[in-house]
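Chemist: when you get a sec, could you give me coordinates for this:
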Amino acid sequence: MFQLGKTLVSESILEKEFVCNLAACKGICCVDGDAGAPLDKEETSILEAIYPKVKPFMVSEGIEAVEAQGTWVISKDDELETPLVEGKACAYVTYDDKGVVKCAIEEAYNAGEVDWKKPVSCHLYPVRIRDYTEFSAVNYHSWEICDDACTLGEQLGVPVYKFVKEALIRKFGNDWYTELEKVASDLTKK
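Modeler: I've put the predicted structure just below:
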């Protein structure tokens, strides 16, 4: 691990390679699991505000889940999350004509209906952030359902930090990302 400002960063985000391979996994990460997408406090207000514009992009089961549970929930671990449909799929999933899971929020964003892409935790995946009092830990999350993404990342030579560049900049800013690139370059030289 190394420190960048108020973050402790795992070297694995520089060393591991990753590119989402939706053709192989069909977006199962949004369906398979036991928790919703982690949310920042500010994101809960955003979800409440944009829900009417996202709703037309959602499947009926997701709409029912949101209308029963709310646009966000507090987990058993007191974490803010997106609600789930029957304890599995994120309530904000939708499906394309090939059965690939998509994010209804991102679909609304792509259609110009909202100006918020999706929760930053989703945008960052496979990077996970854990906030502590004095710093944030930036880690690579390994999940076997993403093995195809790791294989594609290796084939294309794309390290995790480059795959999630836009999301890392969204979370920490351009200056932080520039410093991350310097660390990566120095690591490569060694």
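Chemist: so which strand or helix has Leu8?
Modeler: strand 7-9 (DSSP states H and E).
Chemist: average pLDDT across that strand?
Modeler: On average, the pLDDT along strand 7-9 is 93.
Chemist: outside of it, which residues touch it?
Modeler: 1-3, 135-138, 172, 176, 180, 183 (Cβ atoms under 8 Å, 6 or more residues apart in numbering). In this view, the C-beta of every residue, glycine as well, is placed from N, C-alpha and C.
Chemist: give me the distance from that strand to the chain's centre.
Modeler: 18 Å (Cα atoms, centre = their mean, to the nearest Å).
Chemist: cool, and stretch 97-112?
Modeler: 14 Å.
Chemist: try stretch 182-190
Modeler: Going by Cα atoms, centre = their mean, the spacing between the C-alpha centre of stretch 182-190 and its chain's C-alpha centre is 26 Å.
Chemist: next: stretch 15-29.
Modeler: On Cα atoms, centre = their mean, the centre of stretch 15-29 falls 12 Å from the chain's centre.
Chemist: worst-scoring helix or strand of the protein, pLDDT-wise?
Modeler: When the helices and strands of the chain are scored by mean pLDDT, DSSP states H and E, helix 22-25 comes last with a mean of 84.
Chemist: helices or strands up against that helix?
Modeler: helix 147-156 (3 or more Cβ pairs under 8 Å, 6 or more residues apart in numbering; DSSP states H and E).
Chemist: now the next helix or strand along the chain from the helix it packs on - C-alpha only, PDB.
Modeler: Using DSSP H and E, the next helix or strand after helix 147-156 towards the C-terminus is helix 160-163. C-alpha atoms of helix 160-163 as PDB (Å, rounded to 0.1, in the frame of the first residue of the first chain):
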ATOM      1  CA  VAL A 160      -7.600  -1.500 -13.000                       C
ATOM      2  CA  TYR A 161      -6.700   2.100 -12.300                       C
ATOM      3  CA  LYS A 162      -6.900   3.000 -16.000                       C
ATOM      4  CA  PHE A 163     -10.200   1.100 -16.400                       C
END
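Chemist: any idea which helix or strand comes after helix 160-163?
Modeler: helix 165-172.
Chemist: which element follows that following helix toward the C-terminus?
Modeler: helix 174-189.
Chemist: give me the buried positions along that following helix.
Modeler: 176-177, 179-180, 183-184 (16 or more other Cβ atoms under 10 Å).
Chemist: with stretch 70-77 instead?
Modeler: Neighbour counts over stretch 70-77 (16+ other Cβ under 10 Å) mark 71-73 as buried.
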